[in-house]
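Q: Provided below for reference: sequence and predicted model.
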Amino acid sequence: QVQLAESGGGLVQAGGSLRLSCAASGGTSSRYAMGWFRQAPGKEREFVAAISWSGGSTAYSDSVKGRFTISRDNAKKTVYLQMNSLKPEDTADYYCAARRTSYYATVRGDYDYWGQGTQVTVSS
């Protein structure tokens, strides 16, 4: 069983930056691909970014490509989401997820473990 804890959310002005962190604990001897998803009020949870176990492969949604960067530090069991040039439409609860395989996925149902989420609010 893997536990995930997100941090780093908050209120930021449009054009600003935030870095989200996701710390993993328990059952981390296995190799896990990781992903970030977000859910805005009244909307479905959507894919944002994903990264393979090695960190050598990444994927992004079209809406964040070029502005967000996902990375990981396996020694620290932590995944990061650097968010730059934030827009009001980026406002959402952000969730990290772990998948029991080395290869990332972009579909919510392909992930096995989820964190509780961290709120990001971008003001205009």
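A: Perfect, I can see it now.
Q: Leu11 in helix, strand or coil?
A: strand (DSSP: H, G, I helix; E, B strand; the rest coil).
Q: beta partners for it?
A: Leu11 has the following beta-bridge partners by DSSP bridges: Thr121.
Q: Next up, the contacts around it.
A: For Leu11, the contact set (Cβ atoms under 8 Å, 6 or more residues apart in numbering) comprises 121-123. Every C-beta, even on glycine, is put in place using the N, C-alpha and C of the backbone.
Q: Pick out the residue nearest the middle of this protein.
A: With distances taken as Cα atoms, centre = their mean, the chain has Trp36 as the residue nearest its mean C-alpha position (2.4 Å).
Q: Excluding residues flanking it in the chain, which one is nearest it?
A: Nearest non-adjacent residue to Trp36, counting by Cβ to Cβ, 6 or more residues apart in numbering: Val48, 4.4 Å away.
Q: Parallel or antiparallel, which strands does the stretch of helix or strand the one you found belongs to pair with?
A: Assigned by DSSP states H and E, Val48 belongs to strand 46-51. Within its sheet, strand 46-51 is paired with strand 33-39 (antiparallel), strand 58-60 (antiparallel), according to DSSP bridges.
Q: Reformat those as TSV; add distance to Thr91 and mean pLDDT.
A: Converted to TSV, the strands paired with strand 46-51 look like this (distance: least, Cβ to Cβ, whole Å; pLDDT from 0 to 100):
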stretch	distance to Thr91	mean pLDDT
strand 33-39	9	98
strand 58-60	18	98
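Q: Deepest-packed of these, please.
A: strand 33-39 (a mean of 24; mean count of other Cβ atoms under 10 Å).
Q: Adding distance to Glu89, write the strands paired with strand 46-51 out as JSON lines.
A: As requested, the strands paired with strand 46-51 are exported to JSON lines (distance: least, Cβ to Cβ, whole Å):
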{"stretch": "strand 33-39", "distance to Glu89": "10"}
{"stretch": "strand 58-60", "distance to Glu89": "15"}
